[in-house]
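**Q** I'd like to go over a predicted model; first the sequence, then the structure.
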Amino acid sequence: MMDHSMDQSEHTTENWINVQELLKQKLILEDCFTWTISSPDMSSVEISRQNNLKFIGGVDVSFLKEDPSMACAALVVVDAETLDVVHEVFDVVQLQIPYVPGFLAFREAPILQGLLDKMKQSAHPFYPQLLMVDGNGLLHPRGFGLACHVGVLVDLPVIGVGKNLHHVDGLTQSSVRKLFEAKENNDKDLICLVGKSGRVWGAAMCSTHGSTKPIYVSIGHRISLDSSIKIVKMCCKFRVPEPIRQADIRSRIFIQQFKGSSSMHK
DNA sequence: GCGACAG
DNA sequence: ATCTTGTCGC
């Protein structure tokens, strides 16, 4: 039997496409959760009486400029009502897989899955009911971006949030910009991303008042686009929704401190 | 053939 | 993704 433990030959885009198509069969594109989304007009009594969404997770990965294979992943959990961080976990690893457009998940999903598994196995009381991922879901060349990939692996409702558009089905940054500038969309802060094929890939959202640069929201897993949009809006104190913004900030701080403390003991 | 291409 | 301080404007 050949030793495949150090074999990189499976890391081809052909095989990656097969994996994406296989996992895609498990994808759920509608609301599939037991909790409800609390609205701002509900009293605190009503919120506590129902089984409302309480804990939202956010994940992000940061890198060292000196060594771009050194990565720090953060999973933060925020209170859905206050958006305060109630929990955080980190992991620092060497990534072996390069970033290839369209295949981000093969680089980043394993370390993210590890963080979720760590919390789940310890039956942590703040284990998230929903996850927001820094990267696209359905909005992807094969309709299976990082947010879908992580969602299927950890079997949680997931929303994908991109800060830049991955050009797909005729959709480009400039075409989206033109749509926002069109007079019939003058007052809109949300635009449905319909490709030239007629397919709906997600939504472009100007998440803060008067902002020009949208974020790109798409289905990850076990949630509809409408619910995804509602929840992302709920979480936006700034352009990037709070769970992802906090994961981004805190993963950068963590890897900087890790850099300092690891070179100290050499 | 050329450019585009989440993080 | 990452390099990077102050600064211009509401």
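**A** Here it is on my side, so go on.
**Q** can you count the residues close to A:Ser44?
**A** 9 (other Cβ atoms under 10 Å). (Glycine included, C-beta is placed from N, CA and C.)
**Q** Check the gap between it and DNA strand C for me.
**A** Distance from A:Ser44 to DNA strand C, counting by Cβ to the nearest atom of the strand, to the nearest Å: 33 Å.
**Q** Likewise for A:Asp31?
**A** 28 Å.
**Q** Check A:Ser262 too.
**A** 16 Å.
**Q** what does the model give that residue for pLDDT?
**A** Model confidence at A:Ser262, expressed as pLDDT, equals 73.
**Q** you'd agree it is in a helix?
**A** Yes. Using DSSP: H, G, I helix; E, B strand; the rest coil, the assignment for A:Ser262 is a helix.
**Q** near DNA strand B, which residues of chain A?
**A** For chain A, the contact set with DNA strand B under Cβ under 7 Å from any atom of the strand comprises A:60-61, A:68, A:99, A:101-105, A:134-136, A:140, A:145-147, A:160, A:162-167, A:172-173.
**Q** And the buried ones among those residues, selectable in PyMOL?
**A** The PyMOL selection below is limited to those of the residues of chain A next to DNA strand B classed as buried (16 or more other Cβ atoms under 10 Å):
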select buried, chain A and resi 60+61+102+103+104+105+134+135+136+140+145+146+147+160+162+165+166
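**Q** Show only the entries of the residues of chain A next to DNA strand B found in strands.
**A** Taking DSSP state E, the ones among the residues of chain A next to DNA strand B that sit in strands are A:Asp60, A:Val61, A:Asp134, A:Gly160, A:Gly162.
**Q** Kindly indicate which of the residues you listed lies nearest A:Leu29.
**A** A:Gly160 (12.2 Å; Cβ to Cβ).
**Q** Pipe the ones in strands among the residues of chain A next to DNA strand B into a markdown table and attach distance to A:Tyr127 per row.
**A** Output for those, formatted as a markdown table (distance: Cβ to Cβ, whole Å):
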| residue | distance to A:Tyr127 |
| --- | --- |
| A:Asp60 | 18 |
| A:Val61 | 20 |
| A:Asp134 | 19 |
| A:Gly160 | 20 |
| A:Gly162 | 25 |
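**Q** Show me which of those residues is closest to A:Lys259.
**A** A:Val61 (15.3 Å).
**Q** and the closest one, what pLDDT?
**A** 97.
**Q** Just give the nearest non-adjacent residue to A:Arg142, would you?
**A** Of all residues not flanking A:Arg142 in the chain, A:Gln20 sits nearest, at 5.6 Å (Cβ to Cβ, 6 or more residues apart in numbering).
**Q** Before I go, just wanted to say thanks for your time.
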